[in-house]
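S.K.: coords please:
(one chain, ligands or ions: 2)
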Amino acid sequence: MLDTNTLNNYRNAGSIAAKIREEAKKIVKEGTPLIKICEKLEKKIISEGGKPAFPLNISINNVAAHYTSPPEDKTTVPPRALVKVDIGVHVNGFIADTALTVSVGKVGLELVKASELALEKALKTIKDGVKSSQIGGIIEKTIKESGFKPISNLTGHLLEQYNLHAGKTIPNVKTRIGFTLKEGEAYAIEPFATTGAGIVEDSKYSYIYRLASQKTSTQVLSHIAREFKTLPFASRWLVSKFSKKRVEEVIKRYVSTRTIQSYPVLVEREKGIVSQAEHTFIVKKNGCEVTSA
Ligand code: MN
Ligand code: MN
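M.R.: Numbering: from 1, shown residues only. Ligands and ions are numbered 1, 2, ... in the order given. Now for the predicted structure:
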């Protein structure tokens with residue numbers, strides 16, 4: 001069971017994330033610079049009383065996840081595109097992780113519906129004792145019945161304080177082995193549907209990072225440890241504080257020593273377009289409380 005404080009933190013993070021979702025729907029439009037969207041939504045998280053639990057992810061078409069604007073990004077929303085906006089908010093380390101897909105120019109509407117329906121059906125099955133493999137089975141079946149493929153190597157995940165991926169994962173396909181969800185645990189479920197192979201691969205680009213070790217030997221690393229703890233951060237967030245050159249050097253050096261972990265931009269193997277839907281919930285005895293809706 002969760003204590004009242006923890007529950008309130010999860011609920012506050014969730015209600016802020018829900019507001020950001022609504023704002024995202026309004027501002028994702030043809031021609032808008034991605035960096036404007038990232039900055040605007042991240043600022044709103046803070047003005048609403050939360051902090052970003054990770055950089056705003058804005059991933060377009062065959063990019064499935066982990067794109068955030070690098071410093072001075074010139075990319076804009078194309079006239080016809082599926083735009084996935086993935087939002088992370090934390091309050092005292094308790095996280096709401098939620099995502100939606102905006103269709104620009106009416107592309108991929110069926111694909112958007114497929115991931116939304118899979119999420120809706122999955123959430124309906126959640127209660128104390130439900131098996132992760134069963135949830136994966138429902139997501140896979142729903143997406144396949146819509147005529148698409150689920151992405152099998154992206155998953156939902158357990159959430160803990162200041163820990164976005166806290167070990168257990170909820171698959172988007174039926175698995176042979178799994179685990180049981182327990183009352184009081186917080187999870188994110190995130191079905192991805194695609195017209196492609198159903199597998200994502202690392203691209204050669206990374207704009208999101210995470211401190212993997214607490215050995216902070218430089219000013220930049222101490223700043224990261226203090227501001228973001230073990231949560232993911234963007235290189236864009238550092239260039240307001242340090243020079244771009246310094247940031248690039250520090251990231252390059254400490255990624256190579258594995259002090260910093262990088263999250264490469266993930267692309268669909270067959271360049272299929274990708275939709276995503278995601279919510280965070282707390283498992284209850286006979287159901288769940290969706291915090292981010
Ligand atoms: Mn997410
Ligand atoms: Mn997630």
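S.K.: Could you confirm whether stretch 182-193 reaches ligand 1?
M.R.: No. Figure legend: stretch 182-193 not in contact with ligand 1 (CB under 5 Å from the ion); closest approach 5.8 Å. C-beta here means a position set from N, CA and C on the backbone, and glycine is covered the same way.
S.K.: For that stretch, output the C-alpha coordinates as PDB.
M.R.: What follows is stretch 182-193 as a C-alpha-only set of coordinates in PDB (Å, rounded to 0.1, in the frame of the first residue of the first chain):
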ATOM      1  CA  LYS A 182       0.800  -5.900  -7.100                       C
ATOM      2  CA  GLU A 183      -1.500  -3.400  -5.300                       C
ATOM      3  CA  GLY A 184       0.300  -0.100  -4.600                       C
ATOM      4  CA  GLU A 185       2.800  -0.400  -7.500                       C
ATOM      5  CA  ALA A 186       2.900   2.400 -10.100                       C
ATOM      6  CA  TYR A 187       3.500   1.500 -13.800                       C
ATOM      7  CA  ALA A 188       3.400   3.000 -17.200                       C
ATOM      8  CA  ILE A 189       1.900   1.000 -20.100                       C
ATOM      9  CA  GLU A 190       2.800   2.200 -23.600                       C
ATOM     10  CA  PRO A 191       1.500   0.300 -26.700                       C
ATOM     11  CA  PHE A 192       3.300   1.200 -29.900                       C
ATOM     12  CA  ALA A 193       1.700   0.300 -33.200                       C
END
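S.K.: Could you list the buried residues of it?
M.R.: Neighbour-count burial for stretch 182-193, counted by 16 or more other CB atoms under 10 Å, picks out Glu185, Ala186, Tyr187, Ala188, Ile189, Glu190, Pro191, Phe192, Ala193.
S.K.: Reformat those into CSV and put pLDDT next to each item.
M.R.: Shown next, in CSV, are the buried residues of stretch 182-193 (pLDDT from 0 to 100):
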residue, pLDDT
Glu185, 97
Ala186, 98
Tyr187, 98
Ala188, 98
Ile189, 98
Glu190, 98
Pro191, 98
Phe192, 98
Ala193, 98
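S.K.: Just give me the closest of the residues you listed to ligand 2.
M.R.: For the buried residues of stretch 182-193, the minimum distance to ligand 2 (CB to the ion) is 4.0 Å, reached by Ala188.
S.K.: Report the beta-bridge partner residues of that closest one.
M.R.: His157, Thr280 (DSSP bridges).
S.K.: how much space between it and Leu231?
M.R.: Remark: distance between Ala188 and Leu231 (CB to CB, to the nearest Å) = 14 Å.
S.K.: Export the buried residues of stretch 182-193 to TSV and append columns for distance to ligand 2.
M.R.: Below are those laid out as TSV (distance: CB to the ion, whole Å):
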residue	distance to ligand 2
Glu185	15
Ala186	11
Tyr187	9
Ala188	4
Ile189	8
Glu190	5
Pro191	11
Phe192	11
Ala193	16
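S.K.: hmm, who's touching the longest helix along the chain?
M.R.: What stands out as the longest helix in the chain, according to DSSP state H, is helix 4-27. Applying CB atoms under 8 Å, 6 or more residues apart in numbering, the contact partners of helix 4-27 are 2, 36-37, 40-41, 44-45, 48-50, 53, 85, 87-98, 100, 102, 161, 186, 280, 282, 290-293.
S.K.: pretty sure Glu30 contacts Val104?
M.R.: Yes. The pair Glu30 and Val104 qualifies as a contact (CB atoms under 8 Å) at a distance of 5.6 Å.
S.K.: For the stretch 101-250 of the chain, what lies in contact range of ligand 1?
M.R.: Residues of the stretch 101-250 of the chain lying near ligand 1 (CB under 5 Å from the ion): none found.
S.K.: try it again with 8 Å
M.R.: Contact residues, the stretch 101-250 of the chain versus ligand 1 (CB under 8 Å from the ion): Ala188, Glu190.
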